[in-house]
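Enquirer: Any chance you could fold what I've pasted below:
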Amino acid sequence: MELYHLRTFVHLAKLGNFSRTADDLTLSQSAVSRHIEALEREFGLPLFVRGGRGAVLTEAGRRLLERAERILRLEDEAVVALRELQNLETGSLSLGASTTPGNYLLGSILARYRQDHPRIQCRVHIANTQAILPLLAEGTVDLGVLAAPPVIPPGLCVEPWAEDRLVLVAPPGHNPGGGSTSLEALRNQPFFIREPGSNTRLTVERHFQRTAFHPAHILEFGSTEAIKGAVAAGAGLAFLPACSVKPDLESGRLSLASGPGCQVSRQLVVAHPKGERLPPAALAFVALLGKRFAGEVSSVV
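Expert: From the prediction side, this is the model:
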């Protein structure tokens, strides 16, 4: 049984006309007839009744049609699967990243990804979490790597990737509570927070609510780096992602406050449109995240 015979058979079964089938498949009518006759000889059963109304399926033809369509569909899937491997040599990857993974984590991940797939063209859009979600929903980016949103929008699939920690940082050499510090002892200290739409801000605000902590002074900055600069200059304190402040703590530019309530955890996730097949370049990136980097985020401080 030849696949091209089955393809002719399925086409004729749908059109019911030898002439139209021949035109669609760029064959002669005699070639269409030969394909059908070859199948009928192989099975020993008539597949069509030829008459004034065209070609009408027999019972044997109806039974074959369902299975022939399945066989051809599997052939198409096999071709797609193999082409996907080819596409890893020439494809593209579009990522949307919230600011913490985008600025402090994706660099090393993409470096390894480029080693494995040097011909993949990568593009990364970095913004706060609420700005990335619409890009995912409209298909502007293939994947989102971001902090878990408080509400998962319809149409998006969100998978846990790693745990991130926010730590309380202070000016260099400065311990605002003199030893182990509780949040309550810091009520009169200025606190810096990120802009609306930032998951870091949302995490901090929820932490304040859970601990019934109400700072006397809150100042808003539009980036983590700006907040680090303000804290380093002695202007106040801030909860920031541990991965963003590791070099600053090691160099002494910032100091770490310790004590009850001075750390809070959150989940980092990978998000993509629900029900859509991810392109091969995106699948390879997700596999890399799962293999190498899930355990590294929460252990940086």
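
Enquirer: Where does the prediction get shaky in the stretch 51-200 of the chain?
Expert: 52-53, 81-87, 175-181 (pLDDT under 70).

Enquirer: please redo it, this time with the cut-off set to 50
Expert: Applying pLDDT under 50 to the stretch 51-200 of the chain flags the ranges 177.

Enquirer: What ranges does it have for its helices?
Expert: Remark: helices assigned in the stretch 51-200 of the chain by DSSP state H, counting those that start in this stretch are 59-90, 99-104, 106-116, 129-137, 199-210.

Enquirer: Adding mean neighbour count and distance to Pro241, write the ones you listed out as TSV.
Expert: Quick note: C-beta positions are derived from backbone N, CA and C, even for glycine. Shown next, in TSV, are the helices of the stretch 51-200 of the chain (neighbours: other CB atoms under 10 Å; distance: least, CB to CB, whole Å):
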stretch	mean neighbour count	distance to Pro241
helix 59-90	13	31
helix 99-104	24	5
helix 106-116	14	13
helix 129-137	19	13
helix 199-210	18	7
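
Enquirer: For the ones you listed, could you give me a markdown table that also reports distance to Leu278?
Expert: Formatted as a markdown table, those follow (distance: least, CB to CB, whole Å):
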| stretch | distance to Leu278 |
| --- | --- |
| helix 59-90 | 10 |
| helix 99-104 | 18 |
| helix 106-116 | 15 |
| helix 129-137 | 12 |
| helix 199-210 | 23 |
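
Enquirer: nearest to Gly16, of these?
Expert: helix 59-90 (11.0 Å; CB to CB).

Enquirer: so how far is Leu15 from Tyr4?
Expert: 17 Å (CB to CB, to the nearest Å).

Enquirer: Run a quick neighbour tally on Glu37.
Expert: For Glu37, the neighbour count with other CB atoms under 10 Å is 12.

Enquirer: List the buried residues in stretch 42-61.
Expert: Applying a neighbour-count criterion of 16 or more other CB atoms under 10 Å, the buried positions in stretch 42-61 are 47-48, 54-55, 57, 60-61.

Enquirer: Look up the closest residue to Lys274, ignoring the ones flanking it.
Expert: Take Lys274 and drop its neighbours on the chain: the residue closest to it by CB to CB, 6 or more residues apart in numbering is Cys157, 4.3 Å away.

Enquirer: One more: Glu89?
Expert: Arg119 (5.1 Å).

Enquirer: That neighbour against Ser92, yeah?
Expert: No: under the criterion of CB atoms under 8 Å, Arg119 makes no contact with Ser92, lying 9.8 Å away.

Enquirer: how about the host helix or strand of Asp24: buried residues?
Expert: Under the criterion of DSSP states H and E, Asp24 resides in helix 18-25. Under the neighbour-count criterion of 16+ other CB under 10 Å, helix 18-25 has 18, 20-22, 25 buried.

Enquirer: Of these, just say which sits nearest to Phe208.
Expert: Leu25 (68.8 Å).

Enquirer: ok, now how distant is the closest one from Arg73?
Expert: Taking CB to CB, one finds Leu25 at 18 Å from Arg73.

Enquirer: Export the buried residues of helix 18-25 as TSV, with columns for distance to Gly107 and pLDDT.
Expert: Shown next, in TSV, are the buried residues of helix 18-25 (distance: CB to CB, whole Å; pLDDT from 0 to 100):
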residue	distance to Gly107	pLDDT
Phe18	62	88
Arg20	58	90
Thr21	56	87
Ala22	58	89
Leu25	52	89
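
Enquirer: What is the helix or strand containing Thr8 packed up against?
Expert: If you go by DSSP H and E, Thr8 is part of helix 3-15. Applying 3 or more CB pairs under 8 Å, 6 or more residues apart in numbering; DSSP states H and E, one finds that helix 3-15 contacts helix 18-25, helix 29-43, strand 54-57, helix 59-90.
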